[in-house]
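my questions concern the predicted model and sequence given below.
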Amino acid sequence: MRRAYNRHLSKDLVGKQVQLRGWLYRTRSSGGIVFAVVRDSTGIMQVTVKKGSVPDEDFDSAVKAGIESSVEIDGELAEDKRAPGGFEVRAKRFQVAGLSEPFPITEYQSTELLLDLRHLWIRSREQTAVSKVKAAILMGARKWFEENDYIEVTPPIITAVAPEDSTTLFQIKYFDRIAYLSQSAQFYLESLIFSLDKVYSLTPSFRAEKSRTPRHLAEYWHLEMEAAWMDNEENMRVQEELVAAMLDKAVEKCPDELKLLKRDPATLKRIRPPFDRMKYEEAMDYLQKRGLDVSWGSDLGAIEERELTKDRDMPVFVVNYPKELKPFYMKENPEDPRTYKNSDLLAPEGFGEIIGGSERETDNARMIAWLEDKGESLDNYKWYLDLRRYGSVPHSGFGLGIERIVTWICKLDHIRDATPYPRTVARVYP
């Protein structure tokens, strides 16, 4: 008898013999019958174990088996409107593969306990659904990149340079010198466009920010792209097409998981390019009219981004930030030299930033002046500056935080639930 997954048990199999393998999600007994809900990677299925319909030792095992015991069941699929999903398996054989001790997670546990027991909490239906949605959007991203002639590359995680704020680097001892965990693969991706033209990577990134907000992790997965011969406007077109492709794949592969997480798949299906563009100065005016204390040079944090997006059902680009707010490698905006040719893509429904991107600076003199002003060692950036000395071209790129977009898609309250084992300023266990 071939194993059947719960999701595949449908009307076509009613009256036929099936075999389930999984873990007890719920169980209760009443006289001569045990009602067991069994979960596997695809969902849950009710199983009824009646005394006399299975060997006596099997019935005793069904009575004794507690939540999270692993089981193997043979039986007949039947329709039952009272059962989850409208079907149940009526057992002919019930075998326990591994008995579970009393499970330490029950209803209404504290967040800290669930984080301490993360290795067990990831078995929950919600965490399972999040993992599947995450896998689907990554599948969608890779498919879009492949169809648009991008090459996936593998940049290093250990680095000597900081593309972002050097105060948020994780420092490590690298043999007899100091090195850092990567904040971004950007510099290395830029170097690869001169041979491969259009590249992307999916790598872990690390930020030593002492932030305790619901939007920050110390370790997260970073989807980054760089492309030669691309200006910032085309860069934004790539971002909106990519995001739409990721959402489409989530809707295609995970409609049930999205619904479990209280996300209506139809709301994602309606998100289509083009997305609105809003200049930074327009964003300041909008926020001021709504009573926020901001002015030119104010950064957009969670409060500001929430105000900008809470009444929107489509993402929006905020473009042309002041130079003082962004890194040195961004291209100066010739229409307003106070600003860069850059953008942040904000997700709707009050969520906020999911992508940051820009056209890259090609003038070494500007970048050197910035690095010297910040007291950075030019020796560390010599190889990066070389890219502008030997056949430089206009180019652009961006970075997309995978956990950020998962948090928005899955309507999660905190980004820590967008990854199996979150790393935050207060958490490195388990």
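Structure received.

alpha carbons only for contacts and neighbour counts from here, please
Will do.

so where's the stretch 201-350 of the chain uncertain?
Across the stretch 201-350 of the chain, nothing is flagged by pLDDT under 70.

can you pull out the strands in it?
Per DSSP state E, counting those that start in this stretch, the stretch 201-350 of the chain carries strands over the ranges 219-228, 276-279, 316-319, 342-347.

among those, which is nearest Leu24?
strand 219-228 (32.1 Å; Cα to Cα).

so who does the residue lying closest to Met278 once chain neighbours are set aside touch?
Spatial nearest neighbour of Met278, excluding adjacent residues (Cα to Cα, 6 or more residues apart in numbering): Val318 at 4.8 Å. Going by Cα atoms under 8 Å, 6 or more residues apart in numbering, Val318 touches 277-280, 283, 343-346.

wait, doesn't Ala245 sit right on Leu138?
No - counting by Cα atoms under 8 Å, Leu138 is not a contact partner of Ala245; they are 9.9 Å apart.

the more surrounded of those two?
The neighbour comparison of Ala245 against Leu138 (other Cα atoms under 10 Å) goes to Ala245, with 24 against 20.

hmm, who's touching stretch 154-169?
In contact with stretch 154-169 (Cα under 8 Å, 6+ apart) are residues 178-189, 201-209, 327, 380-381.

same thing but at 10 Å, please
Residues outside stretch 154-169 that contact it (Cα atoms under 10 Å, 6 or more residues apart in numbering): 171-172, 174, 177-189, 192, 199-210, 218, 326-329, 376-377, 379-381, 384.

what mean pLDDT would you report for stretch 135-151?
Across stretch 135-151, pLDDT averages out at 98.

so how far is it from its chain's centroid?
Centroid displacement of stretch 135-151 relative to its chain, using Cα atoms, centre = their mean, to the nearest Å, is 15 Å.

what of stretch 404-424?
7 Å.

so what would you say the end-to-end distance of it is?
Taking Cα to Cα, to the nearest Å, stretch 404-424 runs 14 Å from one end to the other.

again, but for stretch 375-395
End-to-end distance (Cα to Cα), stretch 375-395: 26 Å.

residue contacts, the residue with the largest distance to the centre of the chain?
Distance from the C-alpha centroid of the chain, by Cα atoms, centre = their mean, peaks at Gly52 (48.5 Å). Gly52 is in contact with 32-33, 58-59, 92, counting by Cα under 10 Å, 6+ apart.

and of these, the nearest to Val18?
Lys92 (10.0 Å).

which non-adjacent residue is nearest Glu190?
Nearest to Glu190 is Glu226, by Cα to Cα, 6+ apart, at 6.0 Å.

pairing partners for the one you found in the sheet, please.
Beta-bridge partners for Glu226, by DSSP bridges, are Val199, Gly397.

now do the contacts for it.
150, 185-193, 197-201, 235, 357-360, 395-399.

kindly report the same for Ser298.
Per Cα under 10 Å, 6+ apart, neighbours of Ser298: 280, 284, 304, 321-322, 324-325.

same thing but 6 Å
The contact partners of Ser298, taken as Cα atoms under 6 Å, 6 or more residues apart in numbering, number zero.

Pro322 versus that one, what's the distance?
Taken as Cα to Cα, the span from Ser298 to Pro322 is 9 Å.

same check, this time on Leu77
64 Å.

repeat for Ser396
18 Å.

also Arg272?
29 Å.

so how many other residues sit close to Arg125?
Arg125 has 20 nearby residues by other Cα under 10 Å.

buried sites along the host helix or strand of Leu24?
Assigned by DSSP states H and E, Leu24 belongs to strand 17-30. Neighbour counts over strand 17-30 (16 or more other Cα atoms under 10 Å) mark 17-25, 27 as buried.

which single one of the residues you listed is nearest to Pro104?
Tyr25 (13.6 Å).

pick the most deeply packed of the strands of the stretch 201-350 of the chain.
Of the strands of the stretch 201-350 of the chain, the one with the most neighbours on average (mean count of other Cα atoms under 10 Å) is strand 342-347, at a mean of 25.

and for that one, what's in contact with it?
Counting by Cα under 6 Å, 6+ apart, 315-320, 352-358 sit against strand 342-347.

one step back: any idea how far the residue nearest to Glu190 lies from Ile271?
24 Å.

spatially nearest residue to Val37 (excluding sequence neighbours)?
Gln46 (4.3 Å).

just checking, the one you found is part of a helix?
No - using DSSP: H, G, I helix; E, B strand; the rest coil, the secondary structure at Gln46 is strand, not a helix.

which residues touch it?
36-37, 88.

could you rerun that using 10 Å?
Taking Cα under 10 Å, 6+ apart, one finds 6, 24-27, 35-39, 77, 80, 82-90 in contact with Gln46.

still on that earlier bit, could you dump the strands of the stretch 201-350 of the chain to JSON lines with distance to Pro155?
Compiled in JSON lines, these are given as follows (distance: least, Cα to Cα, whole Å):
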{"stretch": "strand 219-228", "distance to Pro155": "11"}
{"stretch": "strand 276-279", "distance to Pro155": "31"}
{"stretch": "strand 316-319", "distance to Pro155": "28"}
{"stretch": "strand 342-347", "distance to Pro155": "23"}
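
which non-adjacent residue is nearest Gly98?
In space, Gly98 is closest to Ser70, 5.1 Å off (Cα to Cα, 6+ apart).

for that neighbour, give the beta-bridge partners.
Beta-bridge partners recorded for Ser70 (DSSP bridges): Trp23, Gly98.

so what pLDDT did it get?
For Ser70, pLDDT reads 98.

that one: neighbour count?
21.

with just CA atoms, put stretch 111-128 into PDB.
The C-alpha trace of stretch 111-128 is given here as PDB (Å, rounded to 0.1, in the frame of the first residue of the first chain):
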ATOM      1  CA  THR A 111       6.400  34.200  23.400                       C
ATOM      2  CA  GLU A 112       9.700  33.600  25.300                       C
ATOM      3  CA  LEU A 113       8.800  30.000  26.000                       C
ATOM      4  CA  LEU A 114       7.900  29.500  22.400                       C
ATOM      5  CA  LEU A 115      11.200  30.900  21.400                       C
ATOM      6  CA  ASP A 116      13.100  28.700  23.900                       C
ATOM      7  CA  LEU A 117      11.200  25.700  22.400                       C
ATOM      8  CA  ARG A 118      11.600  26.900  18.800                       C
ATOM      9  CA  HIS A 119      12.900  23.500  17.700                       C
ATOM     10  CA  LEU A 120       9.400  22.100  18.700                       C
ATOM     11  CA  TRP A 121       7.300  25.200  17.800                       C
ATOM     12  CA  ILE A 122       8.400  25.000  14.200                       C
ATOM     13  CA  ARG A 123       6.100  21.900  14.000                       C
ATOM     14  CA  SER A 124       3.000  24.200  14.400                       C
ATOM     15  CA  ARG A 125       0.700  24.600  11.400                       C
ATOM     16  CA  GLU A 126       1.400  28.300  11.300                       C
ATOM     17  CA  GLN A 127       5.200  27.900  11.100                       C
ATOM     18  CA  THR A 128       4.800  25.100   8.600                       C
END
